[in-house]
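> could you work out the structure for the sequence below:
(chains A, B, C and D)
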There are 4 protein chains.
Amino acid sequence: MEPLKRKRYAELFAPMQGELLRMARWVENTGQRLLIVFEGRDTAGKGGVIGDIARTLNPRQCRTVALAKPTERETTQWYFQRYLAHLPGAGEIVLFDRSWYNRAGVEKVMGFCSDAQYHAFLAQTPVFEKLLTDDGIVLCKYWLCVDQAQQEQRFAERAADALKRWKLSPIDLKARTHYDDYGRARDAMLEATHTKNAPWTLVDFNDQKRGRLSLIRHLLDALPEMKLAEAAIELPALGHAPKREHFRGPVKPIRPFQID
Amino acid sequence: MEPLKRKRYAELFAPMQGELLRMARWVENTGQRLLIVFEGRDTAGKGGVIGDIARTLNPRQCRTVALAKPTERETTQWYFQRYLAHLPGAGEIVLFDRSWYNRAGVEKVMGFCSDAQYHAFLAQTPVFEKLLTDDGIVLCKYWLCVDQAQQEQRFAERAADALKRWKLSPIDLKARTHYDDYGRARDAMLEATHTKNAPWTLVDFNDQKRGRLSLIRHLLDALPEMKLAEAAIELPALGHAPKREHFRGPVKPIRPFQID
Amino acid sequence: MEPLKRKRYAELFAPMQGELLRMARWVENTGQRLLIVFEGRDTAGKGGVIGDIARTLNPRQCRTVALAKPTERETTQWYFQRYLAHLPGAGEIVLFDRSWYNRAGVEKVMGFCSDAQYHAFLAQTPVFEKLLTDDGIVLCKYWLCVDQAQQEQRFAERAADALKRWKLSPIDLKARTHYDDYGRARDAMLEATHTKNAPWTLVDFNDQKRGRLSLIRHLLDALPEMKLAEAAIELPALGHAPKREHFRGPVKPIRPFQID
Amino acid sequence: MEPLKRKRYAELFAPMQGELLRMARWVENTGQRLLIVFEGRDTAGKGGVIGDIARTLNPRQCRTVALAKPTERETTQWYFQRYLAHLPGAGEIVLFDRSWYNRAGVEKVMGFCSDAQYHAFLAQTPVFEKLLTDDGIVLCKYWLCVDQAQQEQRFAERAADALKRWKLSPIDLKARTHYDDYGRARDAMLEATHTKNAPWTLVDFNDQKRGRLSLIRHLLDALPEMKLAEAAIELPALGHAPKREHFRGPVKPIRPFQID
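Numbering: from 1, shown residues only, chains lettered A, B, ... in the order given. Below is the predicted model of the structure:
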């Protein structure tokens, strides 16, 4: 299957943007709290799909949360505590770029947590998530799939492309040799945490653009009917000639970037 | 001057992305704290330039802060307090999509603060910012300019385009008739807060893409030489055929989005 | 039974202070997280026993948390969220002066929450608390009992004594006529949330001083053996005559309070 | 001068408690923000006077802030940032048990900060505090004095008394030999930060009880007239015999503490 072209993607994504905005209006008008978790293999394309959703919506309503590693004090607190501070309030949408599921993925595979911590996580997570969804929070969890051939190709691109090299951490490089371990860890995670109230959705991201469309389409279809009449906006005539920027003080705009 | 085409923009922006990444490495390796404030007229294009910078960088290093309106308790605290919680720590980059300068712009023009609060703000801000820059925080402040003809055209587009309508708040509509007031408020703001340690840079955003290039070029040039040798990354051969996603449990990827 | 005299109380409390300090050392040296919840009827004496514990311990280790009413945004969040921000980290002791149990007491009796919220609370709380205790947090919950005759006497004292009047809120006054309702609400709370891992302890506070001793004795006995050899501290001789405060600048101590 | 007896202290403190409560009502009714900083030599008696104020007031209005040492990330932030999170909102009283002045005392004397950080602190603090007081925050700063003879006696008591030993940190022990250095550091601090809008008050705590009375008297006199008619509280008759605690479930109060 040929990868989707950028232009074709834009054409297909545009109507979904309208639906995402309808979703956001629904969240706002009905006081919903929408929490979307994005997980998946390295290079799968989490950042891309998060970015496409986020740039469509009002940043004052829709926040992306990408937590850095915990402080020393945080590592001694209840594992979920530092994530909880970012849960949505009424009318808010929160996109988690990675999440508490770190423990079931990279921490498990690379040995960054103890076995006891790992098993405690698998036991606690469905209980914890049920508390949230019983409270009315809408929780959607996506896991992005990619075959190793694709992953290798993207790693190679990242290594070769200075613009993408920051996406290659030393841990990513080590993780290359653990493709199967990550798969097994994902399966164990699914078994423990794919629940009725907070199910996982797996999305094929071997073609990232197609993957984005699949994911967003699924998200929109998963939410209830969100038909909300949108108030039309009328712009009355200005009544005068439009004005130009005028600077009374000494500070003026800089010289624009020159293109030959 | 004809507006810059998307493709031409991409060509011109790409090398700047490399420089932005170099900037980010410099921030990380030298423990800098970089704080960039984006202000400007409605429709000027803050979101676009912030998005272009943010998507280039690691979201775990570079955060965008777009605060919603304060809670009742926050309105009784020191005005700067809720912004201070988001200041960068060592190695971090923070992009403020609007900022404490709300008080000198929309609050002043639309009468959302008292005269006393406004004048206190103009007096406190340069002092407050000097504390930050004396502490070593690098503070860059950009104000995006746009003439009313352009602004009207963008308002009209927003009103007509369902995808952009969320950007049109009732306050924006009221603000249309205050173009000159906003200009005067900006000039007063510049007079009070354009300081040596925290100067403003005005950028012409009548052509948004050109404006982005101007702003980012200026930012990169404003920072000190940031030459940091970047470690090359070698990807050793995998040593086996690349694996494919394999799902042991009942949860499988959803059917991809179908394109006719 | 005659109320315990202040002096006798001090004699009996002093050895417990030593044990409380031993407890605090145990918490610190073994990285425990100790969370103690104090609930009970109005006037029962929560503040007194909390104060006696807190003043015995290092305020940098032992925090008292007495949350004011939630902000509007907080009321839309997950009910437990604002309390979670105050959970202890390793080596810390947190005393909750009232807690999430507000919902099962005053909110239920005075109609400040819906029936659905109330029942959700009773269902969620044992699950939520089990997450904390399974994570290793030591959670002790005390409910302070007092008969209405005593309560009335204390209300009367508070009304008469300017120093205590702040303790009498309008809600307290209304609550007087709901003594039985509070009792029933407590019994329902016990039935739902008196669990093996987070049991309630009821303490008779008809005599407040005796109640304090009962509660603290119970707390100390409930925790595991905490024998920790305490390093003796040697103070070497100073080697010179002790110095006196000497003020080089113009600011001098104020005139001491004059006692006739 | 003979030290004040406990009983005499209680007699003299009682009327001040009434005034403290009047102060708290004034803070609440007029939306004041009151911030009181307590600094001084080790053993001077900060904890005692803070405790006496705090136990007199409503803990939901008056918070004590005793920050533990900063996390690693906090040490890279703006020095004042972690304190700022605890500033009072309208109607609130905050007592700082030590404060940002750590840098001018223990950090300076014991070499925990660089010379540059120390001098930056002395330069920034009056500016920073002026921002707060210009914003309307009422800032009172107390420094508690004690001669070395007294200090030595208290150190000896702390070493000998298991109940007080936690107050003796290894740093305290080292600090004994730096009595003069602390005095000099205090004088430098006074010279730099004793300002018109945020003056220091020095209080002799060689007799701690007398010191408390001096400090609280000064505080009350320093604030403006706070005459606020206090609503009298009427307790209507109950209308029935007072009820007794009655437990329907299996959980009963524990056996009271037994006194021979």
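
> give me the buried positions along the helix or strand of chain A with the lowest mean pLDDT.
Every helix and strand in chain A was compared by mean pLDDT, DSSP states H and E; the lowest is helix A:170-175, with a mean of 80. Buried positions in helix A:170-175, judged by neighbour count with 16 or more other CB atoms under 10 Å in any protein chain shown: A:172, A:173, A:175. Backbone N, C-alpha and C define where each C-beta goes, glycine included.

> make TSV out of those residues and add distance to residue A:50.
What follows is these, written out as TSV (distance: CB to CB, whole Å):
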residue	distance to residue A:50
A:172	18
A:173	23
A:175	20
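
> so which strand or helix has residue A:10?
Assigning secondary structure by DSSP states H and E places residue A:10 in helix A:6-29.

> correction: residue A:36
Under the assignment here (DSSP H and E), residue A:36 is part of strand A:33-40.

> tell me if that strand is near chain C.
Yes - counting by CB under 8 Å from any CB of the partner chain, chain C has neighbours in strand A:33-40: residue A:33.

> and that strand, which strands flank it?
Strand A:33-40 has the following sheet partners, assigned by DSSP bridges: strand A:92-97 (parallel), strand A:138-145 (parallel).

> for the helix or strand that that strand is followed by, C-alpha coordinates in CSV please.
Next along the chain after strand A:33-40, taking DSSP H and E as the criterion, comes helix A:46-56. Taking C-alpha atoms only, helix A:46-56 is exported to CSV below (Å, rounded to 0.1, in the frame of the first residue of the first chain):
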residue,chain,number,x,y,z
LYS,A,46,2.5,10.0,18.5
GLY,A,47,3.8,13.5,18.1
GLY,A,48,2.4,13.9,14.7
VAL,A,49,-1.2,13.0,15.4
ILE,A,50,-1.2,14.9,18.7
GLY,A,51,0.1,17.9,16.8
ASP,A,52,-2.6,17.7,14.2
ILE,A,53,-5.3,17.5,16.8
ALA,A,54,-3.8,20.2,19.0
ARG,A,55,-3.3,22.8,16.2
THR,A,56,-6.9,22.4,15.2
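
> just give the closest residue to the residue of the stretch 151-260 of chain A found nearest chain C, not the sequence neighbours.
Closest residue of the stretch 151-260 of chain A to chain C, CB to the nearest CB: residue A:197 (13.1 Å). With CB to CB, 6 or more residues apart in numbering or on different chains as the criterion, residue A:197 has its nearest non-adjacent residue at 4.3 Å, and that residue is residue A:133.

> quick revisit: turn the strands paired with strand A:33-40 into TSV, including mean neighbour count and mean pLDDT.
Converted to TSV, the strands paired with strand A:33-40 look like this (neighbours: other CB atoms under 10 Å in any protein chain shown; pLDDT from 0 to 100):
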stretch	mean neighbour count	mean pLDDT
strand A:92-97	22	98
strand A:138-145	22	95
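
> would you reformat the ones you listed as CSV and include distance to residue B:118?
CSV is the format used below for the strands paired with strand A:33-40 (distance: least, CB to CB, whole Å):
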stretch, distance to residue B:118
strand A:92-97, 30
strand A:138-145, 41
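
> can you pull the buried residues of stretch A:195-207?
Buried residues in stretch A:195-207 (16+ other CB under 10 Å): A:195, A:198, A:200, A:201, A:202, A:203, A:204, A:205, A:206, A:207.

> contacting residues around that stretch?
A:1, A:3-4, A:40, A:44-45, A:126, A:129-130, A:132-134, A:139-147, A:150, A:190, A:193-194, A:210-211, A:214-215, A:218, A:222, B:245, B:247, B:251-254, B:256 (CB atoms under 8 Å, 6 or more residues apart in numbering or on different chains).

> and that stretch, how far out from the chain's middle?
Put simply, stretch A:195-207 sits 13 Å off its chain's centre (CA atoms, centre = their mean, to the nearest Å).

> hey, C-alpha coordinates of it in CSV?
Taking Å, rounded to 0.1, in the frame of the first residue of the first chain, the C-alpha atoms of stretch A:195-207 are listed here in CSV:
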residue,chain,number,x,y,z
THR,A,195,-11.2,-2.7,30.2
LYS,A,196,-14.8,-2.0,29.2
ASN,A,197,-14.7,1.5,30.6
ALA,A,198,-11.3,2.4,29.4
PRO,A,199,-10.5,0.2,26.3
TRP,A,200,-7.4,0.4,24.2
THR,A,201,-7.6,1.1,20.5
LEU,A,202,-4.7,-0.2,18.4
VAL,A,203,-3.9,1.8,15.3
ASP,A,204,-1.6,0.8,12.4
PHE,A,205,0.9,3.5,11.9
ASN,A,206,3.0,1.9,9.2
ASP,A,207,1.7,4.7,7.1
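
> coming back round to it: residue C:10 is nearest to which of the strands paired with strand A:33-40?
Of all these, strand A:92-97 sits nearest to residue C:10, with 52.3 Å by CB to CB.

> tell me if whichever helix or strand comes after that closest one is near chain C.
Using DSSP H and E, the helix or strand that follows strand A:92-97 towards the C-terminus is helix A:106-110. No - Helix A:106-110 lies apart from chain C when judged by CB under 8 Å from any CB; the minimum separation is 15.7 Å.

> CA atoms only: put helix A:106-110 into CSV for me.
In CSV, the C-alpha atoms belonging to helix A:106-110 read as follows (Å, rounded to 0.1, in the frame of the first residue of the first chain):
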residue,chain,number,x,y,z
VAL,A,106,9.9,1.3,28.5
GLU,A,107,10.3,0.9,32.3
LYS,A,108,9.4,-2.8,32.1
VAL,A,109,11.5,-3.6,29.0
MET,A,110,14.6,-1.6,30.0
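
> residue A:23 contacts residue A:222, correct?
No - counting by CB atoms under 8 Å, residue A:23 stays clear of residue A:222, with 10.3 Å between them.

> so between these two, which is more surrounded?
residue A:23 (24 against 11; other CB atoms under 10 Å in any protein chain shown).

> circling back to that earlier point, what average pLDDT does the strand holding residue A:36 get?
The average pLDDT for strand A:33-40 rounds to 97.

> contacts for it?
Contacts for strand A:33-40 (CB under 8 Å, 6+ apart): A:23, A:27, A:46, A:49-50, A:53, A:87-99, A:101, A:105, A:132, A:136-146, A:205, A:219, C:76-77.

> sorry, back to before: list the helices and strands the least confident helix or strand of chain A packs on?
helix A:106-110 (3 or more CB pairs under 8 Å, 6 or more residues apart in numbering or on different chains; DSSP states H and E).

> does the helix it packs on reach chain B?
No - Helix A:106-110 is not in contact with chain B by CB under 8 Å from any CB; minimum separation 13.3 Å.

> just the buried residues of that helix, please?
By neighbour count on 16+ other CB under 10 Å, the buried set for helix A:106-110 is A:106, A:107, A:108, A:109.

> helices and strands around that helix, which ones?
Packing partners of helix A:106-110 (3+ CB pairs under 8 Å, 6+ apart): helix A:115-134, helix A:170-175, helix A:179-193.

> next, the angle from the helix or strand just after the last one to helix A:46-56.
Past helix A:179-193, further along toward the C-terminus, the next helix or strand under DSSP H and E is strand A:200-204. For the pair strand A:200-204 and helix A:46-56, the angle between their directions (axes from the mean of the first three to the mean of the last three CA atoms, to 10 degrees) equals 100 degrees.

> okay, the angle between strand A:200-204 and helix A:179-193?
150 degrees.

> can you name the residues in contact with the helix or strand following strand A:200-204?
Next along the chain after strand A:200-204, taking DSSP H and E as the criterion, comes helix A:208-222. Identification of contacts with helix A:208-222 by CB under 8 Å, 6+ apart yields A:1, A:3-4, A:6, A:9, A:12-13, A:16, A:19-20, A:23, A:36, A:44-45, A:48-49, A:52-53, A:140, A:142, A:144, A:201, A:203-205, B:254-257, B:259.
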